[in-house]
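In: Based on what follows, work out the 3D shape:
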Amino acid sequence: MIQNYFKMAWRNLMKHKFISFINLFGLTMGLVCCLLISLYIIHETSYDTYHSKANRIYRVTRSFNNPDGAVTLKLGTVAPPFGPLLKNDFPDIQKVTRLLPNGKTPVKYEDKLFSESQLFFADENLFDVFDVNVVKGNPSKALTDPFTVMLSEKIAEKYFGKEEPMNKMIRFNNQFNLKVSGIFKSFPSNSHIHPEIMVSFNTLKDSAVYGERQLQTNYGNNSFFTYFLVPENYPVKNIEAQFPAFIDKHVFFPGAPSTIQFSKLTKLEIQKLTDIHLYSHTDYEAEENGDINRVYVFSIIALIILLIACINYMNLSTARSTLRAKEIGIRKVSGAGKGELVAQFLSESVLIAWIAMTLAIFIAWLILPALNKMAGVELAAAMLLNWRFLLPLLLVPFIVGIVSGLYPALFMSSFQPVKTLKGLFKAGGRSISFRKALVVTQFGISIVLIITTAIVFQQLRFMQQAKLGYSKEQVAVLPYYFTSNSQFETFRNDLLTKSYIRSMGRSSRIPTGRLLDSQNASAESGDSLQSVNVELKYLAVDHDFIPSYNISLAAGRNFSTGVSTDTANFLLNEATVKALGWPSAEKAVGRNFSYGNISGKVIGVVKDFHFESLRQKIAPMVMSLPKPEQANFFNALSIKIVGTNTTEALAEIEQKWKTYLPGIPFEFSFLDDNYNKLYLSEQRQSSLFTLFAGIAILIACLGLLGLSSFAITQRIKEIGVRKVLGAGTGSIVLLLSKDFLILVLVAALIAFPVAWYGVNRWLTDFAYRIPISWWIFAAAGIMAALIALLTVSVLAIRAANANPVKSLRTE
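Out: Model (predicted):
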């Protein structure tokens, strides 16, 4: 019986090849999108689940509040004393482990010089908490001794080739040597952190590196990723509830009043390890995290595209029901029951779904590398064989086949045999109304996707073309490694003799980064200094930083090399003047001001500029000039290049770099490239939206093409009569297209408020955003109408130009 159903299903597919192709293509493309997006979702939701104790591991985060209680800064890291204190004060915590990222670090082996960005200090408890595949060395001892290091297999091969890496010595930052004590396999791609070099945490206890006293008492350096392990099903909220008392008990700062409650100013929170990638969006993370909202959006898009394909099947199946009316009548007269007919029609839809799924798997496998490149992910085709994916995959053809085929099956199996055999059957109004509703749904979804794609593209262009308040073009950015001010000045003076190098500024951070540093401030109010209740971000700069970026002054002057007292003075931005309640930039100049342990005067106010991404509002900022002996305040060097000979300028910079810093690799980036990377996520999102919107519209158009084909075929005699009576091609095309255009108009009216709500929610993530223009909605509606008109017109023009004599003979 079942074999007979599928045999008949195959014959019907071959009999109506055009409609079968539309259905098969639509379902295949819908399933390809579903497969690829499902791979992405599985990958995103699998982060850190590979650890055997994943459900027992938590990370401690820290946030800072202003006196009003508003959070001003949230970090995925905490100060070093918290780790041991947590283990000491909360006996239910079984293990605590800490990781300290060291940023870009020069590492040397013999005559080979490397710059490593994934270098961490890691303590010996790491292997008791996380699953790390150690291939050489003893995990329980490899990170115990100071000045030892573990390397990933990739790094070991890069440094030593085929040589035995164990016990080899490598040089760290031209400061000290490290002995290789172990080799481990790189962390999987679905890990929120990827150390490639792990230096023993005990190395930090050396006073020349960091200092044991600092590890025990420094509550200001919040750079340490801190994790802890608890027993199975342990209520971690119990620990979190005790954090305020824990903070008040331990946290202190030299010179702070003894009455201050630090729990009112700072807060510790707990994050589940497996929640970090999708739910953690602190101001400082080990790597860029994903976003659960993005997972939801692409899940909806996948279902929407599949729904459009299923709608095509329903529409075309019910539309061609008149062609199968006699077949159904004969089957009923021959004794076939409604259940058998439903089974027959469902077997057709399931067969198409299975063919579509087979093709979809093959196509998805082919285009997966291109999608990885476009989306910036590492999805592997092998994930298709994962049991979490494979079991639902086998059920999909049945689900899709039943969802898309159930209504047509029930509809066609209800035909009355007497009417169908006498040729009196006509598709009822309910069937036509349902098909119209499906067309409205298809085009409504397509219009929403068109609007969303346009808004994402516009916001992206706005961010790329926004006036930032500084010049980002032809600024080469390098890490700052000079150990003395005099060494840098010699380097600087050598380069400034070249006409293509205009200026060279140092700073603690560079534009396109985050402003994460802040200290207590006091500002002149009346005749005295009053404590400031607003968080003021800190930036250390030298006198060449402002001109290197062409930052404009609103009032006052820049730091000067000829004024020795400038190391006790300050530059503010306009946002700071406004936050302090001072009347104007001009009146801010000359006022007394204190920041951290420096007291002096405001000598200048710079115009507001977008130091951070346009997702963040311009923050109130304080700039100070470190003393000559405080070169360690600087982390970056910005070199402004002029003219067109950039290659020659970079070659000259590299040659001087190697002369003055022979033990440090020469690495640079251009600030405009850094700026573009800020919005890489949005660029990828825009590309994916465009791709999926295009697929959705294509599937909808194919469905409309098939539907209009049936509609025109049913009206072929009417067209012939109208032509005989003198109707022109244009009027006939308009007649045939009118009904479909009305459906598109209805779809647009429904889609507009849905699209507005979605894009408005998305734009709230940006402090600086585009207005939602009405013309985008109008253009999307017109585009959808033109696409529909073009699709229908292809067949309508052919029908209008047909010989009316042949049309009138057709019955």
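In: Lowest-scoring secondary structure element of the protein by mean pLDDT?
Out: Here the helix or strand of the chain ranked lowest by mean pLDDT, DSSP states H and E is helix 417-421, holding a mean of 47.
In: Next secondary structure after that one?
Out: helix 429-465 (DSSP states H and E).
In: Mind listing what's buried along that next one?
Out: 431, 434-436, 438-460, 463 (16 or more other Cβ atoms under 10 Å). All C-beta spots, glycine's among them, are computed from the backbone N, C-alpha and C.
In: contact partners of the following helix or strand past it?
Out: Scanning forward in sequence from helix 429-465 by DSSP H and E, the next helix or strand is strand 475-479. Residues outside strand 475-479 that contact it (Cβ atoms under 8 Å, 6 or more residues apart in numbering): 103-104, 510, 548-549, 635-641, 649-650, 653, 657, 666-672, 674.
In: Report the buried members of those.
Out: 104, 510, 548-549, 635-641, 649-650, 653, 657, 670-671, 674.
In: Just the helices from the stretch 51-200 of the chain, written as ranges.
Out: If DSSP state H, counting those that start in this stretch is used as the criterion, the helices of the stretch 51-200 of the chain fall at 82-89, 126-129, 153-160.
In: pLDDT averaged over the first one - what is it?
Out: Summarised as a single mean, pLDDT over helix 82-89 is 95.
In: what does the shortest one give?
Out: For helix 126-129, the per-residue pLDDT values average out at 96.
In: Touching it from outside, list them.
Out: With Cβ under 8 Å, 6+ apart as the criterion, helix 126-129 contacts 53, 57, 95, 97, 99, 132, 134, 139-140, 143, 198, 227-229.
In: Buried ones in that helix, by neighbour count?
Out: For helix 126-129, using 16+ other Cβ under 10 Å, the buried residues are Leu126, Phe127, Val129.
In: okay if I get the residues you listed as JSON lines plus distance to Asn569?
Out: Shown next, in JSON lines, are these (distance: Cβ to Cβ, whole Å):
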{"residue": "Leu126", "distance to Asn569": "46"}
{"residue": "Phe127", "distance to Asn569": "51"}
{"residue": "Val129", "distance to Asn569": "48"}
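In: which one of those sits closest to Leu763?
Out: Val129 (39.9 Å; Cβ to Cβ).
In: Apart from its neighbours in sequence, what residue is nearest Asn312?
Out: Gly703 (3.6 Å; Cβ to Cβ, 6 or more residues apart in numbering).
In: My error: substitute Ser624 in the last question.
Out: That would be Phe570: by Cβ to Cβ, 6+ apart, it lies 5.7 Å from Ser624.
In: is it true that that neighbour touches Met621?
Out: No - with contacts counted by Cβ atoms under 8 Å, Phe570 stays clear of Met621, the gap being 10.2 Å.
In: quick one: which of the two has more around it?
Out: Taking neighbours as other Cβ atoms under 10 Å, Phe570 and Met621 compare with Phe570 leading, 26 against 22.
In: gap between the more buried one and Pro511?
Out: From Phe570 across to Pro511, the span is 19 Å (Cβ to Cβ, to the nearest Å).
In: Which strands or helices does the helix or strand harbouring Leu351 pack on?
Out: In the assignment (DSSP H and E), Leu351 maps to helix 338-375. Where contact means 3 or more Cβ pairs under 8 Å, 6 or more residues apart in numbering; DSSP states H and E, helix 338-375 is packed against helix 2-15, helix 17-45, helix 292-319, helix 325-333, helix 387-412, helix 680-714.
In: can you list the domains in this structure?
Out: 1-48+288-425, 68-264, 428-468+676-811, 482-660 (automatic domain parsing).
In: Lowest average pLDDT across those?
Out: domain 1-48+288-425 has the lowest average pLDDT among the domains of the chain, namely a mean of 71.
In: Of the contacts of helix 126-129 - the most surrounded one?
Out: Leu143 (28 neighbours).
In: Tell me how far that one lies from Val96.
Out: Distance from Leu143 to Val96, by Cβ to Cβ: 14 Å.
In: for Leu75, same thing?
Out: In terms of Cβ to Cβ, Leu75 sits 18 Å off from Val96.
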